[in-house]
Each structure stands twice: as structure tokens, then as C-alpha cells.
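>>> Let's see this in three dimensions:
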Amino acid sequence: MKSFKPVLLIALLAGLLAAPLVGLAEDAKKPIADAGKTAKAYPLTTCVVSGEKLEGEMGGPYIFTQDGKEVRLCCKSCLKDFKKDPASYMKKIDEAEAKAKK
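From the prediction side, this is the model:
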């Protein structure tokens, strides 16, 4: 009976600690509400700065917002170059969006 209590206590604590994670998993499945708008797919599969694939060896893309639009770079180090001339890079993204609409 003495060895049963610690096992029961560990199982109970594990259940209590895991319960909030179940809620997070459910939240991750829900679509993000954007005032009734559907999210547009990002028009590029490569980094607008380096030309590297967005899903490359360095992991997932670095995502941020510029002028109200989502920008994806292959890595955070490309942000330095992006900030030197954001207008030209945003123009490339806009052109890719226009081409995708056609």
C-alpha cells in the first residue's frame, strides 16, 4: 500500500500538469479570426532577400509584419539586409501577389 501512494500521486500530478496542454492543442487547431477575412497565402516560397527556400536547413522561416503585410525570410539574419531597403523587397512581394492572382 505504501508503494501505491507515490505512483498514484505521480499519475495525479501528471494529469493536472497535462490538462492545460490539451487546451493549447485545441486552440492551435482553430483558425485565426481576421475580422471575417480569410488569410491570404504568402506568395513566395523563397526568401525575398537571399533567394533561399523558406523551409530550409535553418528551420522554419522568420515571419514579421511590415506595412501591415506578412513578410517571411529564410532566417532572422536576412532581416538586417531587408531593413536597408524595405521598399524594394516589399515591391517584390507585391509583384508576386499580383502574379498569383492572375
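>>> So Arg72 is in contact with Ala41, correct?
No: using CB atoms under 8 Å, Arg72 makes no contact with Ala41, being 11.1 Å away. The C-beta positions use only the backbone N, C-alpha and C, and glycine is treated the same way.
>>> More neighbours: those two, which one.
Using other CB atoms under 10 Å, the more surrounded residue of Arg72 and Ala41 is Arg72, with 20 against 8.
>>> separation between the closest residue to that one other than its chain neighbours and Tyr89?
Nearest residue to Arg72, sequence neighbours excluded (CB to CB, 6 or more residues apart in numbering): Pro61, at 4.2 Å. The gap separating Pro61 from Tyr89 is 14 Å, by CB to CB, to the nearest Å.
>>> same check, this time on Ser50
11 Å.
>>> From the neighbour counts alone, determine which of these two ranks first.
Between Ser50 and Tyr89, counting by other CB under 10 Å, Tyr89 is the more crowded of the two (20 against 15).
>>> For that one, grab phi and psi.
Torsion angles at Tyr89 (phi, psi; degrees, to the nearest 10) stand at phi -70, psi -40.
>>> Next: Val71.
The phi/psi pair for Val71 (degrees, to the nearest 10) is phi -130, psi 140.
>>> OK, contacts around it?
48, 63-65, 82, 89-90, 93 (CB atoms under 8 Å, 6 or more residues apart in numbering).
>>> Kindly report the same for Val49.
73-74, 78, 81-82, 89.
>>> please redo it, this time with the cut-off set to 10 Å
By CB atoms under 10 Å, 6 or more residues apart in numbering, the contact set of Val49 is 71, 73-75, 77-85, 89, 92.
>>> quick one: the helices in the protein?
Taking DSSP state H as the test, the helices found in the chain are 4-29, 78-84, 86-101.
>>> Could you list every helix and strand in contact with the last one?
Judged by 3 or more CB pairs under 10 Å, 6 or more residues apart in numbering; DSSP states H and E, helix 86-101 is in contact with strand 62-66, strand 69-73, helix 78-84.
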